[in-house]
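Engineer: sequence first, then the predicted structure, then my questions.
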Amino acid sequence: MRLLIVTDAWHPQVNGVVRTLDTVAREAAAAGHTVGVISPDLFRSIPMPGYGEIRLALVPRRRLARMIEHFAPDAIHIATEGPLGWAARRYCLKRGLPFTTAYHTRFPEYVKARFGVPLPITYAIVRRFHRPSRALMVATRTLHGELAARGFGNLRAWSRGVDLERFTPGPKDLLPDLPRPIFTYVGRLAVEKNIDAFLALDLPGSKLVVGDGPEMARLKAAYPGVHFAGARHGDDLVAHFRAGDVFVFPSKTDTFGLVMLEALACGLPVAAYPVPGPQDVLGPGVGVMDEDLGAACRRALALDPAACRAYALDFTWAATTAQFVGNIAPFEQDWPARGLPAPRHAARIPHQPAEFNRRR
(Lines give C-alpha, C1' and ligand atoms only; values in the text may rest on other atoms or scores of the structure.)
Protein backbone atom coordinates (compact mmCIF):
# COMPACT_ATOMS: atom_id res chain seq x y z
CA MET A 1 0.00 0.00 0.00
CA ARG A 2 0.91 3.67 -0.18
CA LEU A 3 1.63 4.57 3.44
CA LEU A 4 2.09 8.21 4.48
CA ILE A 5 3.80 9.08 7.77
CA VAL A 6 3.31 12.60 9.14
CA THR A 7 5.84 13.46 11.84
CA ASP A 8 7.15 16.50 13.68
CA ALA A 9 10.29 14.49 14.54
CA TRP A 10 12.67 13.75 11.67
CA HIS A 11 16.26 14.21 10.54
CA PRO A 12 18.53 15.93 11.47
CA GLN A 13 17.12 15.23 14.95
CA VAL A 14 18.88 12.35 16.69
CA ASN A 15 16.54 10.46 19.01
CA GLY A 16 14.64 7.22 19.39
CA VAL A 17 11.53 8.53 17.63
CA VAL A 18 13.44 9.43 14.47
CA ARG A 19 15.41 6.17 14.50
CA THR A 20 12.20 4.19 14.90
CA LEU A 21 10.28 5.96 12.13
CA ASP A 22 13.20 5.96 9.70
CA THR A 23 13.97 2.27 10.22
CA VAL A 24 10.33 1.19 10.01
CA ALA A 25 9.93 3.22 6.80
CA ARG A 26 12.94 1.42 5.30
CA GLU A 27 11.71 -1.99 6.38
CA ALA A 28 8.20 -1.31 5.06
CA ALA A 29 9.62 -0.16 1.71
CA ALA A 30 11.74 -3.31 1.53
CA ALA A 31 8.54 -5.31 2.08
CA GLY A 32 6.98 -3.69 -1.01
CA HIS A 33 5.08 -0.73 0.40
CA THR A 34 5.53 2.81 -0.89
CA VAL A 35 6.33 4.99 2.12
CA GLY A 36 6.14 8.78 2.13
CA VAL A 37 7.19 11.11 4.95
CA ILE A 38 5.95 14.64 5.65
CA SER A 39 8.24 16.37 8.16
CA PRO A 40 9.10 19.91 9.37
CA ASP A 41 11.98 20.48 6.93
CA LEU A 42 9.40 20.75 4.10
CA PHE A 43 7.87 23.84 5.74
CA ARG A 44 8.83 27.19 7.17
CA SER A 45 9.66 26.46 10.79
CA ILE A 46 10.81 27.89 14.11
CA PRO A 47 12.96 26.28 16.83
CA MET A 48 11.12 24.60 19.67
CA PRO A 49 11.58 26.52 22.96
CA GLY A 50 14.36 24.86 24.95
CA TYR A 51 15.27 22.53 22.05
CA GLY A 52 16.79 24.65 19.30
CA GLU A 53 17.61 21.65 17.11
CA ILE A 54 13.92 20.65 16.96
CA ARG A 55 11.98 22.64 14.36
CA LEU A 56 8.23 23.23 14.48
CA ALA A 57 6.35 23.78 11.21
CA LEU A 58 4.61 27.15 10.85
CA VAL A 59 0.99 27.26 9.61
CA PRO A 60 1.29 23.93 7.77
CA ARG A 61 -2.39 23.27 7.06
CA ARG A 62 -2.81 24.20 3.36
CA ARG A 63 0.55 22.95 2.15
CA LEU A 64 0.12 19.76 4.15
CA ALA A 65 -3.24 19.15 2.47
CA ARG A 66 -1.68 19.52 -0.98
CA MET A 67 1.13 17.12 -0.05
CA ILE A 68 -1.29 14.50 1.21
CA GLU A 69 -3.46 14.74 -1.90
CA HIS A 70 -0.47 14.57 -4.21
CA PHE A 71 0.91 11.48 -2.50
CA ALA A 72 -2.55 9.86 -2.58
CA PRO A 73 -2.01 7.46 0.31
CA ASP A 74 -3.89 4.30 1.14
CA ALA A 75 -3.29 4.93 4.86
CA ILE A 76 -2.04 7.77 7.05
CA HIS A 77 -0.06 7.43 10.26
CA ILE A 78 0.32 10.54 12.43
CA ALA A 79 3.41 9.96 14.54
CA THR A 80 3.58 13.02 16.81
CA GLU A 81 1.40 15.56 18.60
CA GLY A 82 3.13 18.65 17.14
CA PRO A 83 1.91 21.23 14.58
CA LEU A 84 2.09 18.76 11.68
CA GLY A 85 0.33 16.10 13.71
CA TRP A 86 -2.55 18.41 14.63
CA ALA A 87 -2.86 19.67 11.03
CA ALA A 88 -2.94 16.09 9.66
CA ARG A 89 -5.49 15.11 12.29
CA ARG A 90 -7.73 18.01 11.28
CA TYR A 91 -7.37 17.10 7.59
CA CYS A 92 -8.39 13.48 8.18
CA LEU A 93 -11.33 14.30 10.43
CA LYS A 94 -12.68 16.88 7.99
CA ARG A 95 -12.68 14.30 5.18
CA GLY A 96 -13.72 11.29 7.23
CA LEU A 97 -10.41 9.48 6.65
CA PRO A 98 -9.19 6.92 9.20
CA PHE A 99 -5.71 7.37 10.65
CA THR A 100 -3.46 5.86 13.30
CA THR A 101 -1.24 7.52 15.89
CA ALA A 102 1.55 6.56 18.29
CA TYR A 103 2.56 7.51 21.83
CA HIS A 104 6.32 7.94 21.48
CA THR A 105 6.97 10.47 24.24
CA ARG A 106 5.71 11.21 27.73
CA PHE A 107 4.89 14.71 26.59
CA PRO A 108 2.88 15.72 29.70
CA GLU A 109 5.75 14.74 32.01
CA TYR A 110 8.27 16.64 29.87
CA VAL A 111 6.09 19.77 29.84
CA LYS A 112 5.73 19.58 33.61
CA ALA A 113 9.50 19.15 34.09
CA ARG A 114 10.37 22.11 31.90
CA PHE A 115 7.45 24.51 32.40
CA GLY A 116 5.56 23.31 35.47
CA VAL A 117 2.25 22.69 33.66
CA PRO A 118 0.09 20.30 35.76
CA LEU A 119 -0.21 16.79 34.31
CA PRO A 120 -4.04 16.72 34.12
CA ILE A 121 -4.07 19.72 31.77
CA THR A 122 -1.56 18.30 29.30
CA TYR A 123 -2.99 14.79 29.47
CA ALA A 124 -6.43 16.17 28.58
CA ILE A 125 -4.96 17.80 25.44
CA VAL A 126 -3.02 14.69 24.43
CA ARG A 127 -6.04 12.46 25.08
CA ARG A 128 -8.13 14.68 22.80
CA PHE A 129 -5.47 14.42 20.09
CA HIS A 130 -5.48 10.61 20.08
CA ARG A 131 -9.20 9.97 20.69
CA PRO A 132 -10.20 9.68 16.96
CA SER A 133 -7.23 7.41 16.14
CA ARG A 134 -8.16 3.95 14.86
CA ALA A 135 -5.10 2.56 16.67
CA LEU A 136 -2.96 4.34 19.24
CA MET A 137 0.33 2.40 19.14
CA VAL A 138 2.29 1.98 22.37
CA ALA A 139 5.67 0.33 22.91
CA THR A 140 5.16 -1.52 26.20
CA ARG A 141 2.54 -3.26 28.33
CA THR A 142 3.21 -0.89 31.20
CA LEU A 143 2.53 2.15 29.04
CA HIS A 144 -0.60 0.43 27.69
CA GLY A 145 -1.89 0.05 31.22
CA GLU A 146 -1.01 3.61 32.23
CA LEU A 147 -2.75 5.16 29.23
CA ALA A 148 -5.80 2.95 29.59
CA ALA A 149 -6.10 4.08 33.21
CA ARG A 150 -5.98 7.70 32.01
CA GLY A 151 -8.85 7.18 29.59
CA PHE A 152 -7.00 6.51 26.32
CA GLY A 153 -8.63 3.99 23.97
CA ASN A 154 -7.90 1.94 20.83
CA LEU A 155 -4.48 0.95 22.23
CA ARG A 156 -2.35 -1.41 20.15
CA ALA A 157 1.08 -2.93 20.80
CA TRP A 158 4.05 -1.71 18.74
CA SER A 159 7.41 -2.81 20.09
CA ARG A 160 10.91 -1.70 19.02
CA GLY A 161 13.96 -3.30 17.45
CA VAL A 162 17.69 -2.86 17.08
CA ASP A 163 20.06 -3.04 14.11
CA LEU A 164 21.78 -6.28 15.05
CA GLU A 165 24.26 -6.04 12.18
CA ARG A 166 25.54 -2.61 13.22
CA PHE A 167 25.32 -2.83 17.00
CA THR A 168 27.61 -5.74 17.85
CA PRO A 169 30.20 -6.55 20.52
CA GLY A 170 33.75 -5.57 19.65
CA PRO A 171 37.06 -4.25 20.93
CA LYS A 172 37.09 -1.87 23.91
CA ASP A 173 40.16 0.06 22.82
CA LEU A 174 38.57 3.37 21.81
CA LEU A 175 39.32 5.29 25.03
CA PRO A 176 42.45 3.68 26.49
CA ASP A 177 43.17 6.55 28.89
CA LEU A 178 39.89 6.24 30.78
CA PRO A 179 40.22 4.14 33.96
CA ARG A 180 37.97 1.10 34.06
CA PRO A 181 35.26 0.20 34.62
CA ILE A 182 33.58 2.69 32.28
CA PHE A 183 29.95 3.54 33.01
CA THR A 184 28.30 4.92 29.87
CA TYR A 185 25.29 7.09 29.12
CA VAL A 186 24.15 7.62 25.51
CA GLY A 187 21.29 9.97 24.67
CA ARG A 188 20.01 13.51 24.75
CA LEU A 189 21.35 15.81 27.42
CA ALA A 190 18.05 17.22 28.64
CA VAL A 191 16.48 17.78 32.04
CA GLU A 192 13.87 15.04 31.65
CA LYS A 193 16.60 12.42 31.16
CA ASN A 194 17.62 12.73 34.85
CA ILE A 195 21.34 12.58 33.98
CA ASP A 196 22.44 14.22 37.24
CA ALA A 197 21.28 11.11 39.08
CA PHE A 198 23.99 9.18 37.21
CA LEU A 199 26.78 11.74 37.13
CA ALA A 200 26.53 12.50 40.85
CA LEU A 201 27.15 8.84 41.79
CA ASP A 202 30.33 7.75 43.55
CA LEU A 203 31.46 4.96 41.25
CA PRO A 204 34.82 3.34 40.53
CA GLY A 205 36.53 3.98 37.19
CA SER A 206 35.09 6.52 34.75
CA LYS A 207 31.85 8.01 33.50
CA LEU A 208 31.33 8.46 29.75
CA VAL A 209 28.55 10.62 28.30
CA VAL A 210 27.74 10.42 24.58
CA GLY A 211 25.23 12.89 23.17
CA ASP A 212 24.30 16.54 23.01
CA GLY A 213 21.42 18.74 24.10
CA PRO A 214 20.37 21.81 26.06
CA GLU A 215 21.94 20.57 29.31
CA MET A 216 25.44 20.04 27.85
CA ALA A 217 27.08 23.25 29.11
CA ARG A 218 25.63 22.95 32.60
CA LEU A 219 26.56 19.29 32.99
CA LYS A 220 30.13 19.84 31.78
CA ALA A 221 30.58 22.66 34.28
CA ALA A 222 29.03 20.68 37.14
CA TYR A 223 30.93 17.41 36.53
CA PRO A 224 34.46 18.20 35.29
CA GLY A 225 35.63 14.64 35.94
CA VAL A 226 33.19 13.14 33.42
CA HIS A 227 34.30 12.44 29.84
CA PHE A 228 31.83 14.14 27.47
CA ALA A 229 32.22 12.74 23.94
CA GLY A 230 29.49 14.83 22.28
CA ALA A 231 27.12 13.51 19.64
CA ARG A 232 28.33 10.43 17.75
CA HIS A 233 26.86 8.63 14.77
CA GLY A 234 27.22 5.41 12.78
CA ASP A 235 30.24 3.24 13.47
CA ASP A 236 31.67 5.92 15.76
CA LEU A 237 28.60 5.63 17.98
CA VAL A 238 28.92 1.84 18.04
CA ALA A 239 32.58 2.15 19.06
CA HIS A 240 31.58 4.36 21.99
CA PHE A 241 28.97 1.82 23.10
CA ARG A 242 31.57 -0.94 22.94
CA ALA A 243 34.06 1.11 24.97
CA GLY A 244 31.87 0.92 28.07
CA ASP A 245 31.44 -1.81 30.67
CA VAL A 246 27.97 -0.89 31.96
CA PHE A 247 25.25 1.18 30.30
CA VAL A 248 23.47 3.51 32.72
CA PHE A 249 19.88 4.54 31.96
CA PRO A 250 18.81 7.10 34.59
CA SER A 251 15.61 8.29 32.90
CA LYS A 252 12.30 7.79 34.70
CA THR A 253 10.11 9.18 31.90
CA ASP A 254 11.01 7.30 28.68
CA THR A 255 8.27 5.22 27.08
CA PHE A 256 10.75 2.56 25.94
CA GLY A 257 14.46 3.42 25.87
CA LEU A 258 15.75 2.26 22.49
CA VAL A 259 19.36 2.93 23.56
CA MET A 260 19.09 0.09 26.08
CA LEU A 261 18.61 -2.37 23.21
CA GLU A 262 21.56 -0.87 21.35
CA ALA A 263 23.73 -1.22 24.46
CA LEU A 264 22.63 -4.82 25.03
CA ALA A 265 23.33 -5.67 21.37
CA CYS A 266 26.90 -4.40 21.95
CA GLY A 267 27.25 -6.62 25.02
CA LEU A 268 26.73 -3.99 27.73
CA PRO A 269 24.57 -4.83 30.76
CA VAL A 270 22.18 -2.07 31.83
CA ALA A 271 21.73 -0.33 35.17
CA ALA A 272 18.45 1.53 35.62
CA TYR A 273 15.68 2.51 37.99
CA PRO A 274 12.75 0.05 38.34
CA VAL A 275 10.37 2.18 36.26
CA PRO A 276 8.37 1.72 33.03
CA GLY A 277 10.73 1.37 30.12
CA PRO A 278 13.48 -0.61 31.84
CA GLN A 279 10.87 -2.85 33.49
CA ASP A 280 9.47 -3.70 30.04
CA VAL A 281 12.75 -3.95 28.11
CA LEU A 282 15.17 -5.66 30.50
CA GLY A 283 15.15 -9.32 31.41
CA PRO A 284 16.97 -11.50 33.95
CA GLY A 285 20.74 -11.53 33.62
CA VAL A 286 21.03 -8.52 31.30
CA GLY A 287 20.19 -5.60 33.59
CA VAL A 288 19.90 -4.51 37.19
CA MET A 289 17.07 -2.24 38.34
CA ASP A 290 17.29 -0.64 41.75
CA GLU A 291 16.06 2.55 43.41
CA ASP A 292 19.72 2.91 44.41
CA LEU A 293 21.15 3.55 40.94
CA GLY A 294 24.73 3.32 42.21
CA ALA A 295 24.08 -0.17 43.59
CA ALA A 296 22.53 -1.16 40.25
CA CYS A 297 25.67 0.07 38.43
CA ARG A 298 28.03 -1.94 40.63
CA ARG A 299 25.95 -5.10 40.46
CA ALA A 300 25.63 -4.84 36.66
CA LEU A 301 29.42 -5.23 36.38
CA ALA A 302 29.01 -8.92 37.23
CA LEU A 303 26.61 -9.68 34.36
CA ASP A 304 27.68 -11.66 31.29
CA PRO A 305 28.13 -9.57 28.09
CA ALA A 306 27.35 -12.64 25.94
CA ALA A 307 23.97 -13.01 27.65
CA CYS A 308 23.22 -9.36 26.89
CA ARG A 309 23.92 -9.87 23.20
CA ALA A 310 21.86 -13.06 23.08
CA TYR A 311 18.91 -11.29 24.72
CA ALA A 312 19.00 -8.45 22.17
CA LEU A 313 18.70 -10.93 19.27
CA ASP A 314 14.94 -11.23 19.93
CA PHE A 315 14.34 -7.56 19.08
CA THR A 316 14.31 -7.31 15.28
CA TRP A 317 13.15 -4.36 13.18
CA ALA A 318 11.44 -6.76 10.77
CA ALA A 319 9.09 -7.93 13.54
CA THR A 320 8.59 -4.33 14.70
CA THR A 321 7.63 -3.24 11.17
CA ALA A 322 5.22 -6.15 10.68
CA GLN A 323 3.50 -5.16 13.92
CA PHE A 324 3.31 -1.52 12.78
CA VAL A 325 1.86 -2.37 9.36
CA GLY A 326 -0.66 -4.70 10.99
CA ASN A 327 -1.95 -1.81 13.09
CA ILE A 328 -2.40 0.56 10.13
CA ALA A 329 -5.96 1.50 9.10
CA PRO A 330 -6.20 1.63 5.27
CA PHE A 331 -8.91 3.71 3.60
CA GLU A 332 -11.95 1.76 2.49
CA GLN A 333 -12.45 3.89 -0.63
CA ASP A 334 -10.05 4.68 -3.47
CA TRP A 335 -8.21 7.95 -3.08
CA PRO A 336 -10.12 10.56 -5.13
CA ALA A 337 -7.23 12.90 -5.91
CA ARG A 338 -4.75 10.70 -7.78
CA GLY A 339 -3.05 12.47 -10.67
CA LEU A 340 -3.02 15.96 -9.14
CA PRO A 341 -0.10 18.14 -10.22
CA ALA A 342 2.80 18.15 -7.76
CA PRO A 343 2.77 20.94 -5.18
CA ARG A 344 5.85 23.07 -4.64
CA HIS A 345 7.06 20.65 -1.94
CA ALA A 346 5.81 17.08 -2.23
CA ALA A 347 5.95 14.47 0.50
CA ARG A 348 9.34 12.83 0.19
CA ILE A 349 9.63 9.15 -0.56
CA PRO A 350 13.07 8.69 0.99
CA HIS A 351 13.32 4.97 0.40
CA GLN A 352 12.05 4.79 -3.21
CA PRO A 353 13.76 7.62 -5.09
CA ALA A 354 12.67 6.54 -8.56
CA GLU A 355 9.01 6.77 -7.57
CA PHE A 356 9.63 10.14 -5.94
CA ASN A 357 11.32 11.53 -9.05
CA ARG A 358 8.53 10.30 -11.32
CA ARG A 359 5.77 11.86 -9.24
CA ARG A 360 7.56 15.22 -9.00
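Structural biologist: Happy to help now that I have it.
Engineer: lowest-pLDDT helix or strand in the chain?
Structural biologist: Comparing every helix and strand of the chain by mean pLDDT, DSSP states H and E singles out helix 353-359 as the least confident one, with a mean of 32.
Engineer: remind me which residues of the protein are low pLDDT?
Structural biologist: 50-52, 333-347, 349-360 (pLDDT under 70).
Engineer: next secondary structure after the lengthiest strand in it?
Structural biologist: Determined from DSSP state E, the single longest strand within the chain is strand 51-57. Following strand 51-57 in sequence order, the next helix or strand is helix 61-71 (DSSP states H and E).
Engineer: surely P169 meets G244?
Structural biologist: No: when contacts are counted by CB atoms under 8 Å, P169 is not listed as touching G244 (11.5 Å). (Glycine included, C-beta is placed from N, CA and C.)
Engineer: neighbour count: those two, which is higher?
Structural biologist: Using other CB atoms under 10 Å, the more surrounded residue of P169 and G244 is G244, with 29 against 16.
Engineer: and T101, that's in a strand?
Structural biologist: Yes: under the criterion used here (DSSP: H, G, I helix; E, B strand; the rest coil), T101 sits inside a strand.
Engineer: show me the contacts for the residue nearest to it when sequence neighbours are not counted.
Structural biologist: With sequence-adjacent residues excluded and distances taken as CB to CB, 6 or more residues apart in numbering, T101 is closest to S133, at 4.1 Å. Listed by CB atoms under 8 Å, 6 or more residues apart in numbering, the contact set of S133 reads 78, 99-101, 154.
Engineer: if I've got this straight, S133 is in a helix?
Structural biologist: No: read with three-state DSSP, S133 is coil and lies in no helix.
Engineer: next, count neighbours for G230.
Structural biologist: G230: 11 neighbours (other CB under 10 Å).
Engineer: from L208, how far off is it?
Structural biologist: Here G230 is placed at a distance of 11 Å from L208 (CB to CB, to the nearest Å).
Engineer: R106 too?
Structural biologist: Distance from R106 to L208, by CB to CB: 26 Å.
Engineer: pretty sure D163 sits against R26.
Structural biologist: No: with contact defined as CB under 8 Å, D163 does not reach R26; the gap is 10.3 Å.
Engineer: and P118, how far is that from A124?
Structural biologist: According to CB to CB, P118 and A124 sit 10 Å apart.
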